[in-house]
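Enquirer: The sequence isn't on hand, but the structure is:
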Ligand SMILES: NC(=O)C1=CN([C@@H]2O[C@H](COP(=O)(O)OP(=O)(O)OC[C@H]3O[C@@H](n4cnc5c(N)ncnc54)[C@H](OP(=O)(O)O)[C@@H]3O)[C@@H](O)[C@H]2O)C=CC1
Ligand SMILES: Nc1nc2c(ncn2[C@@H]2O[C@H](COP(=O)(O)O)[C@@H](O)[C@H]2O)c(=O)[nH]1
């Protein structure tokens, strides 16, 4: 691997603007059979999304992926979403009961529009088998498989039938995989995304490590169709994590899906808990993301997301923030 870099090492180079207002730029994206307002999806984690947020996002035209940590609610969740005419987008693991769950959905003719296979090390026989199982029983469902960090993994999961792959092993804010195992794309997630996207023939979702809205545009430039984000979505008033007050300031808890707080035990822990500053309503962040992406598109010299994919860039190793705090 040559040219290893991460989000903070890159600046995109502006091209001549062709719109008279940023509002003329369209940041919507197609994934599978549906078009969504933004190329952004909140992480399928228990402190990031719940049924209320999923419903709100679906109603407003944003993509969402419900987490898999209350497995007994998933079937009724799909029913509830479909009863409202909304898309159902759920997560599964790879244990034997998950095979039965997929079969049960098929038997009841409940077909989620999207299923995400949510596993730490997605380049595995377990994930390949699950892709094939879903495709056998729910052939109409769009399958997102992950997480992976190499072109070989992208090719194998696509070959097994995945409709999209999710890239990112260890770049997450509450991730400790890189520390505990020495493996992953932490510190070079953007370069790993580029490496994987070049091998992909289907959409790639960049997962983890997004710290600013500009990082969304950079992900698009380096091959992502969409980005999955945890920490930037953890602090909203709607966020499911507990709210705590410290020295008169409000914070929300954000913990990893492989943390002891999620697992309820200290076994194979690869995630931690942190507190993020409370920051108001989720819709405000989504609106700001939309405006920032519209602006990014205008800097790219176009009027839609595709224009970002073609801009030049420079590598300015770890220096673009000039030592400033990001916010
Ligand atoms: N994106 C990322 O960088 C990471 C994300 N996570 C998140 O944490 C959650 C838990 O993930 P995960 O532990 O995969 O899910 P599960 O705890 O559901 O494990 C799924 C199955 O895969 C097995 N398994 C897990 N990791 C490995 C491995 N490295 N090698 C072989 N078998 C393995 C488990 O067995 P056993 O437990 O016995 O090994 C289990 O049977 C997920 O939501 C995932 O997205 C976790 C780490 C990294
Ligand atoms: N290594 C771990 N990664 C995790 C864990 N829980 C979630 N995740 C991944 O992080 C992203 C979100 O990253 P962020 O930088 O936007 O906060 C999420 O989508 C997962 O892929 C975990 O316990 N360990």
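Expert: Arrived safely, thanks for sending. Values in this document were obtained by computation on a predicted structure and should not be read as measured data. Ligands and ions are numbered 1, 2, ... in the order given.

Enquirer: going forward, measure contacts between C-alpha atoms and count neighbours the same way
Expert: Noted.

Enquirer: Pull the residues that contact stretch 89-104.
Expert: 44, 64-68, 74, 78, 112-119, 126-127, 130, 133-134, 137-138 (CA atoms under 8 Å, 6 or more residues apart in numbering).

Enquirer: Let me know whether it sits next to ligand 2.
Expert: No - judged by CA under 6 Å from any ligand atom, stretch 89-104 stays clear of ligand 2, getting no closer than 11.9 Å.

Enquirer: what's the average pLDDT for that stretch?
Expert: For stretch 89-104, mean pLDDT rounds to 98.

Enquirer: Only the buried residues of it, if you could.
Expert: When burial is assessed from 16 or more other CA atoms under 10 Å, stretch 89-104 yields the following buried residues: 89, 90, 91, 92, 93, 94, 99, 101, 102, 103.

Enquirer: In helices, which of those residues appear?
Expert: Judged by DSSP state H, the buried residues of stretch 89-104 include 99, 101, 102, 103 as members of helices.

Enquirer: just for the protein, where's the confidence low?
Expert: In the predicted model, the chain carries pLDDT under 70 at residues 1-2, 319-327.

Enquirer: Centroid-nearest residue for it?
Expert: With distances taken as CA atoms, centre = their mean, residue 228 lies nearest the centre of the chain, 1.5 Å away.

Enquirer: who touches stretch 223-233?
Expert: Outside of stretch 223-233, the residues within contact range by CA under 8 Å, 6+ apart are 29, 31, 39-43, 45, 48, 172-173, 193-194, 197-198, 203-211, 216, 219-220, 239, 254, 276, 282, 309.

Enquirer: again, only this time at 7 Å
Expert: Stretch 223-233 has contacts (CA atoms under 7 Å, 6 or more residues apart in numbering) with 39-43, 48, 173, 193-194, 197, 203-208, 210-211, 216.

Enquirer: any bit of that stretch sitting next to ligand 1?
Expert: No - Stretch 223-233 does not reach ligand 1 (CA under 6 Å from any ligand atom); its nearest approach is 10.3 Å.

Enquirer: same deal with stretch 63-83?
Expert: No - Stretch 63-83 is not in contact with ligand 1 by CA under 6 Å from any ligand atom; minimum separation 7.7 Å.

Enquirer: End to end on that stretch, go ahead and measure it.
Expert: The first and final residues of stretch 63-83 sit 18 Å from each other (CA to CA, to the nearest Å).

Enquirer: Enumerate residues external to it that contact any of its residues.
Expert: Stretch 63-83 has contacts (CA under 7 Å, 6+ apart) with 36, 41-42, 44-46, 49-50, 54, 57-58, 87-92, 112.

Enquirer: Which of those fall in strands?
Expert: If you go by DSSP state E, those have 36, 41, 42, 89, 90, 91, 92 in strands.

Enquirer: Between the residues you listed, which sits nearest residue 249?
Expert: Within those, the smallest distance to residue 249 is 24.3 Å, found for residue 42 (CA to CA).

Enquirer: which non-adjacent residue is nearest that closest one?
Expert: In this structure, residue 42 finds its nearest non-sequential neighbour in residue 229, 5.0 Å apart by CA to CA, 6 or more residues apart in numbering.

Enquirer: From ligand 1, how far off is that neighbour?
Expert: Note on residue 229: its distance to ligand 1, by CA to the nearest ligand atom, to the nearest Å, is 11 Å.

Enquirer: phi, psi of that residue?
Expert: Reported as degrees, to the nearest 10, the phi and psi values for residue 229 are phi -130, psi 130.

Enquirer: Which of the three states applies to residue 245?
Expert: strand (DSSP: H, G, I helix; E, B strand; the rest coil).

Enquirer: In this structure it contacts residue 251, no?
Expert: Yes - with contact defined as CA atoms under 7 Å, residue 245 reaches residue 251; the gap is 6.2 Å.

Enquirer: Looking at the two, which one has more neighbours?
Expert: Between residue 245 and residue 251, counting by other CA atoms under 10 Å, residue 251 is the more crowded of the two (22 against 11).

Enquirer: My guess is that one contacts residue 278. True?
Expert: Yes - the criterion here is CA under 7 Å, and residue 251 meets it with residue 278 at 4.8 Å.

Enquirer: Can you work out which residues contact both of those two?
Expert: Shared contacts of residue 251 and residue 278, defined by CA under 7 Å, 6+ apart, comprise residue 235.

Enquirer: Secondary structure element holding residue 154?
Expert: If you go by DSSP states H and E, residue 154 is part of helix 151-160.

Enquirer: Can you tell me what sits against that helix?
Expert: By CA under 7 Å, 6+ apart, the residues outside helix 151-160 that reach it are 123, 128, 131, 132, 145, 148, 165, 195, 196, 199, 200.

Enquirer: could I get the buried residues of stretch 89-104 as TSV with distance to residue 262?
Expert: Formatted as TSV, these follow (distance: CA to CA, whole Å):
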residue	distance to residue 262
89	21
90	18
91	15
92	16
93	15
94	17
99	22
101	21
102	23
103	26
